[in-house]
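>>> Only the shape, not the letters, is given here:
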């Protein structure tokens, strides 16, 4: 199976949006004002390759502009974006002349990976039950994707980057859930001990 490769406009940021997640962006640089204006005109999406310590990383997310929240007299704006896809960055050009902004050649990552590891299914049922006080059955879990579950964990951008760049996202997710549940159980034990004294 060959993966589809396409070139899309790029806006490197220290941010990862998983499919369905939204965020606000303040646009003030001329090159990104141009990028946003063109995406709005063409109803096009753009890529956010993860940017950390001055480096554009190899993985990122594709987003669409849901709406413009605010425009300012100087042309700056606030926009609401939504994650639609995840990608691996094959080539990155900082400037795509004659445009002011850059672009990247990407290949999409599979975003509909179902939860197939049995111990991950157990961990998810346990997580929702103990941490979020929600009863969730195994049938529901088997219809969720890795990224549906990851969205409910309130991961940091760095953790989301580790998830999307991991060779085995399900294993990464399993370790994250175990870690979160461990921390919460430890906090609970400390509270219980404190109350007893």
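Perfect, thanks for sending it. Keep in mind it's a predicted model, so treat the numbers as computed, not measured.

>>> can you pull the buried residues of the strand or helix carrying residue 37?
Assigned by DSSP states H and E, residue 37 falls within helix 30-42. Within helix 30-42, the residues that qualify as buried are 31, 32, 33, 35, 36, 39, counting by 16 or more other C-beta atoms under 10 Å. For the C-beta atoms, the positions are set from N, CA and C on the backbone; glycine is no exception.

>>> Output the contacting helices and strands for that helix.
strand 5-10, strand 55-71, strand 77-93 (3 or more C-beta pairs under 8 Å, 6 or more residues apart in numbering; DSSP states H and E).

>>> ok, now with 10 Å
Judged by 3 or more C-beta pairs under 10 Å, 6 or more residues apart in numbering; DSSP states H and E, helix 30-42 is in contact with strand 5-10, strand 22-27, strand 46-52, strand 55-71, strand 77-93, strand 102-108.

>>> which of those strands sits most buried?
Burial of the helices and strands packed on helix 30-42 is given as mean neighbour count (mean count of other C-beta atoms under 10 Å); strand 46-52 ranks first at a mean of 21.

>>> care to break the chain down by domain?
The record's domain split for the chain, according to automatic domain parsing, is 5-108, 118-196.

>>> Output the ones you listed in JSON lines; the columns should cover mean pLDDT.
Below are the domains of the chain laid out as JSON lines (pLDDT from 0 to 100):
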{"stretch": "domain 5-108", "mean pLDDT": "96"}
{"stretch": "domain 118-196", "mean pLDDT": "88"}
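
>>> still on that earlier bit, which of the helices and strands packed on helix 30-42 sits closest to residue 157?
Set against residue 157 and scored by C-beta to C-beta, the helices and strands packed on helix 30-42 come closest in strand 46-52, at 7.3 Å.

>>> and the angle from that closest one to strand 5-10?
If you take axes from the mean of the first three to the mean of the last three C-alpha atoms, to 10 degrees, strand 46-52 sits at 70 degrees to strand 5-10.

>>> returning to what we had before: which one of the helices and strands packed on helix 30-42 lies nearest to residue 153?
The minimum distance between residue 153 and the helices and strands packed on helix 30-42 falls on strand 77-93, with 15.0 Å, by C-beta to C-beta.
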